[in-house]
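>>> All I have is the shape, not the residue letters:
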């Protein structure tokens with residue numbers, strides 16, 4: 001039987017406010033346990049929540065960025081459940097009327113684009129954290145995260161593979177960082193995903209029974225967890241079993257998902273409007289302020305890069321994967337002044353490889369956009385060849401100076417003097433009469449031998465285009 005995979009993601013993005021969503025306590029990461037949990041976060045008697053305006057601004061910005069409907073009136077509700085790291089016994093969230101509804105996000109995959117519908121995005125507070133290590137059979141509770149502002153972003157079940165789900169998660173991660181509403185630090189829990197996964201026979205309209213995989217905090221784990229869960233469900237059904245709707249955890253050490261608890265439905269949480277919080281009303285002036293605070297969005301910039309710089313869709317997508325990379329490319333392209341595709345190739349190729357190898361962010365690159373543009377100019381004007389440029393790039397990365405200084409210090413300037421190249425070619429042809437005879441007898445592959453000998457004789461400095469022209473003329477007799 002042929003199976004179709006159905007995936008929807010629920011993503012929690014921690015909003016980049018300095019204080020919590022309903023209190024003035026700090027949201028800074030890394031403090032000692034429980035020192036950033038104030039009376040409101042701890043739900044001490046007599047305290048009242050006060051909504052953080054900055055959290056609302058960030059939620060509205062996100063809604064505008066995905067072309068969503070901003071609900072002018074939204075309501076906070078109490079989501080009731082009992083867990084050790086939830087001091088109130090309920091979580092303040094939004095249920096029937098979220099602040100953001102009905103948006104979409106276009107995702108660039110290697111061979112196609114995919115538009116994923118976003119059902120809603122709602123504001124809520126985070127819970128605390130249960131700590132199981134170093135307590136010898138006991139659990140510690142750290143309530144520093146309690147009350148941290150979250151935007152929960154819920155997609156429609158539009159994705160049909162783990163690869164599509166990862167591409168969507170990466171695009172969403174890029175967007176929340178791009179518009180400045182979340183730092184996206186997955187190691188610190190600022191951006192984490194829950195994946196709803198089901199399978200159904202191809203051609204069937206009804207969805208299969210879904211399982212939710214909780215708290216996936218890396219794109220690699222997201223992909224592996226979905227792939228494992230898909231295999232598990234298909235094998236279970238094909239062996240005559242039935243998928244049970246439940247919440248599961250992914251164990252990266254064993255590369256498997258395992259059952260955590262039965263999946264709750266909305267009525268299990270007994271939602272009701274929070275009596276301590278008035279309805280949230282967003283007026284036109286507030287919307288306009290949020291709209292003017294948005295930067296140029298990734299989709300618009302992708303289209304502009306394709307138009308202004310004649311880049312393919314894939315290149316434009318990669319270069320707009322972050323604001324930092326987009327700015328670096330545009331600064332390089334403008335300073336270079338030549339064909340922008342060359343700048344794109346170097347940024348996506350050599351620069352990205354060097355950053356990955358050294359574990360650096362673009363902001364920490366030893367080669368600035370101006371330095372890279374200087375190197376590209378020397379390739380374009382024939383001072384150095386593309387091959388020599390890689391040596392210069394490595395020296396620039398090591399901090400030896402700009403391209404001109406390195407070319408001068410190492411004597412790497414390309415030989416473009418026709419007379420000098422002719423002499424090299426004449427010497428090689430004279431020294432290799434057998435190969436000359438082979439070439440003239442129709443063995444074209446021998447041409448590469450002459451090029452290699454000439455480049456070796458010139459220590460890689462001969463202008464390749466000139467060398468080829470001179471060789472062809474000389475060999476033609």
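Yep, it's here. Every value quoted in this text rests on a predicted model; they were computed, and no experiment measured them.

>>> Not counting sequence-adjacent ones, nearest residue to residue 219?
Distances taken as C-beta to C-beta, 6 or more residues apart in numbering put residue 166 closest to residue 219, at 5.2 Å, once the chain neighbours are dropped. C-beta coordinates here come from the backbone N, C-alpha and C atoms, glycine included.

>>> quick one, what contacts the nearest residue to residue 96 once chain neighbours are set aside?
If the residues on either side of it in the chain are set aside, residue 96 comes closest to residue 75, at 6.7 Å by C-beta to C-beta, 6+ apart. Contact analysis of residue 75 by C-beta atoms under 8 Å, 6 or more residues apart in numbering lists 94, 95, 96, 97, 273, 279, 280.

>>> Check residue 102 too.
For residue 102, the contact set (C-beta under 8 Å, 6+ apart) comprises 68, 69, 117, 118, 119, 120.

>>> quick one: which two of those are the most distant?
69 and 117 (12.3 Å; C-beta to C-beta).

>>> Name all residues that sit in contact with the two at the same time.
Residues touching both residue 69 and residue 117 by C-beta under 8 Å, 6+ apart: 102, 103.

>>> rewinding a little: what residues of the helix or strand hosting the residue nearest to residue 219 count as buried?
Residue 166 is part of helix 162-178, with elements assigned from DSSP states H and E. Under the neighbour-count criterion of 16 or more other C-beta atoms under 10 Å, helix 162-178 has 162, 164-169, 171-178 buried.

>>> what mean pLDDT does that helix have?
For helix 162-178, mean pLDDT rounds to 95.

>>> who does the following helix or strand past it touch, helix- and strand-wise?
Helices and strands here follow DSSP H and E; after helix 162-178, the next one along the chain is strand 191-201. Judged by 3 or more C-beta pairs under 8 Å, 6 or more residues apart in numbering; DSSP states H and E, strand 191-201 is in contact with strand 3-14, helix 162-178, strand 211-216, helix 219-238.

>>> got the angle for strand 191-201 vs strand 3-14?
Angle, strand 191-201 to strand 3-14, by axes from the mean of the first three to the mean of the last three C-alpha atoms, to 10 degrees: 160 degrees.

>>> So what are the sheet partners of strand 191-201 and their directions?
Counting by DSSP bridges, the strands paired with strand 191-201 are strand 3-14 (antiparallel), strand 211-216 (antiparallel).

>>> which one of those lies closest to residue 151?
In terms of C-beta to C-beta, the element of the strands paired with strand 191-201 nearest to residue 151 is strand 3-14, at 4.8 Å.

>>> Can you point out the buried residues in the closest one?
In strand 3-14, counting by 16+ other C-beta under 10 Å, buried: 3, 5, 6, 7, 8, 9, 10, 11, 12, 13, 14.

>>> tally of neighbours for residue 434?
Other residues within reach of residue 434, judged by other C-beta atoms under 10 Å, total 8.

>>> Which phi and psi values does it adopt?
The phi/psi pair for residue 434 (degrees, to the nearest 10) reads phi -70, psi -40.

>>> Centre-most residue in the protein?
With distances taken as C-alpha atoms, centre = their mean, residue 170 lies nearest the centre of the chain, 4.0 Å away.

>>> For it, list the residues it contacts.
Contacts of residue 170 by C-beta under 8 Å, 6+ apart are 219, 321.

>>> Tell me how far the residue nearest to residue 96 lies from residue 281.
10 Å (C-beta to C-beta, to the nearest Å).

>>> So, low pLDDT: which residues of this protein?
Scanning the chain with the threshold set as pLDDT under 70 gives 1, 263-264, 266, 414-417, 477.

>>> possible to save the helices and strands packed on strand 191-201 as CSV with distance to residue 189?
Converted to CSV, the helices and strands packed on strand 191-201 look like this (distance: least, C-beta to C-beta, whole Å):
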stretch, distance to residue 189
strand 3-14, 7
helix 162-178, 13
strand 211-216, 8
helix 219-238, 13
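
>>> what's the closest of these to residue 321?
Ranking the helices and strands packed on strand 191-201 by proximity to residue 321 (C-beta to C-beta) places helix 162-178 first, at 5.5 Å.

>>> and the angle from the closest one to strand 3-14?
20 degrees.

>>> Pull the distance from helix 162-178 to the chain's centre.
The chain centroid and the centroid of helix 162-178 are separated by 6 Å under C-alpha atoms, centre = their mean, to the nearest Å.

>>> And stretch 228-248, by the same measure?
Centroid separation between stretch 228-248 and its chain, computed with C-alpha atoms, centre = their mean, is 30 Å.

>>> what do you get for stretch 227-239?
Distance, stretch centre to chain centre, for stretch 227-239: 29 Å (C-alpha atoms, centre = their mean).

>>> what comes into contact with that stretch?
1, 3, 5, 162, 195, 197-199, 208, 211, 213, 242-243, 248, 250, 255-257.

>>> Need the buried ones from those selected in PyMOL.
A single PyMOL command selects the buried members of those (16+ other C-beta under 10 Å):
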select buried, resi 3+5+162+195+197+198+199+208+211+213+243+248+250+256+257
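
>>> where's residue 454 relative to residue 469, distance?
Remark: distance between residue 454 and residue 469 (C-beta to C-beta) = 12 Å.

>>> residue contacts, the residue lying closest to residue 195 once chain neighbours are set aside?
Setting aside the residues directly before and after it, residue 195 is nearest to residue 213 in space (C-beta to C-beta, 6+ apart), at 4.7 Å. By C-beta under 8 Å, 6+ apart, residue 213 lies in contact with 194, 195, 197, 225, 226, 229, 247, 248, 249, 250, 257.

>>> Looking at the helices and strands packed on strand 191-201, which is nearest to residue 147?
strand 3-14 (11.5 Å).

>>> Residue 311 is in contact with residue 340, correct?
Yes. Look at residue 340 against residue 311 with C-beta atoms under 8 Å: they come within range, at 6.5 Å.

>>> The residue nearest to residue 98 when sequence neighbours are not counted is in what secondary structure piece?
In space, residue 98 comes closest to residue 122 once its chain neighbours are excluded; the distance is 3.5 Å by C-beta to C-beta, 6+ apart. In the assignment (DSSP H and E), residue 122 maps to strand 113-125.
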